[in-house]
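**Student:** Got a predicted model here, sequence first, then my questions.
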Amino acid sequence: AQSVAQPEDQVNVAEGNPLTVKCTYSVSGNPYLFWYVQYPNRGLQFLLKYITGDNLVKGSYGFEAEFNKSQTSFHLKKPSALVSDSALYFCAVRDGAGAGSYQLTFGKGTKLSVIP
Amino acid sequence: NAGVTQTPKFRVLKTGQSMTLLCAQDMNHEYMYWYRQDPGMGLRLIHYSVGEGTTAKGEVPDGYNVSRLKKQNFLLGLESAAPSQTSVYFCASSGQGYQETQYFGPGTRLLVL
């Protein structure tokens, strides 16, 4: 079975500082990893994904994520946080190995607050 | 190109009433999904479809039914609503393949009294 964990319910960071939102996963095959952002009363917006290749993935709005196979992690990062980055962030995984591979399993979300 | 749209945006039901949520996508995607979002629980998959005329159960299918009569539409039905079905419902669609991104609609907020 595939699963994903976001160990922090909330992350607070000062504007201009680097931010990290953590994600770890568990799959039996190759992982396909995604990050989404949700602003209040809105749907989920796709940020970036890792399928294969370079472990550092760059996405929208200056975000990037690093895939670490040995640590089964896919942490979201940004060099300099903006107040407008304040939102709910979801990590999701799909197991590339056979049954259930249509399904995307989401973490419980991490609320990011960027303090002016 | 509207992407994924959902109707209605908000609805209040009484226990035992029925309703249908409509999802439409204009991206010619084969796959469509229905999720529910509850505080502290992330998104959980209710049902999904890998093509017109096909549906399958997800993680939390009980109390819901779905239909995909047209490729662009995916309907979620509640036959007899219960307070436990108070939630925000999101529809998503994607192309075929493990690497494909799911694109989400704006959501339907449902309150069951």
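**Tutor:** Received the coordinates, thanks.

**Student:** Let me know whether residue A:61 touches residue A:87 as I believe.
**Tutor:** No: if you go by Cβ atoms under 8 Å, residue A:61 and residue A:87 don't touch, sitting 10.2 Å apart. Where C-beta positions appear, they are placed from N, C-alpha and C, glycine not excepted.

**Student:** the more surrounded of those two?
**Tutor:** Per other Cβ atoms under 10 Å in any protein chain shown, whichever of residue A:61 and residue A:87 has more neighbours is residue A:87, with 19 against 12.

**Student:** The more buried one bridge partners, please.
**Tutor:** residue A:112 (DSSP bridges).

**Student:** Now do the same contact list for it.
**Tutor:** With contact set as Cβ atoms under 8 Å, 6 or more residues apart in numbering or on different chains, residue A:87 has these partners: A:37-40, A:111-112.

**Student:** ok, now residue A:64?
**Tutor:** Contacts of residue A:64 (Cβ under 8 Å, 6+ apart): A:48, A:56-58, A:76-78.

**Student:** how about 10 Å then?
**Tutor:** A:35, A:47-48, A:56-58, A:75-79 (Cβ atoms under 10 Å, 6 or more residues apart in numbering or on different chains).

**Student:** Now which of these would you call buried?
**Tutor:** Among those, the ones that count as buried by 16 or more other Cβ atoms under 10 Å in any protein chain shown are A:35, A:47-48, A:57, A:75-76, A:78.

**Student:** Between those residues, which sits nearest residue B:47?
**Tutor:** Nearest to residue B:47 out of those is residue A:35 (Cβ to Cβ; 24.4 Å).

**Student:** Okay, and the closest one sits in which element?
**Tutor:** strand A:31-38 (DSSP states H and E).

**Student:** Give the buried residues for the helix or strand just after that strand.
**Tutor:** Next along the chain after strand A:31-38, taking DSSP H and E as the criterion, comes strand A:44-50. Buried residues in strand A:44-50, counted by 16+ other Cβ under 10 Å: A:44, A:46-50.

**Student:** Residue B:35 is in contact with residue B:88, correct?
**Tutor:** Yes: counting by Cβ atoms under 10 Å, residue B:88 touches residue B:35, with 9.0 Å between them.
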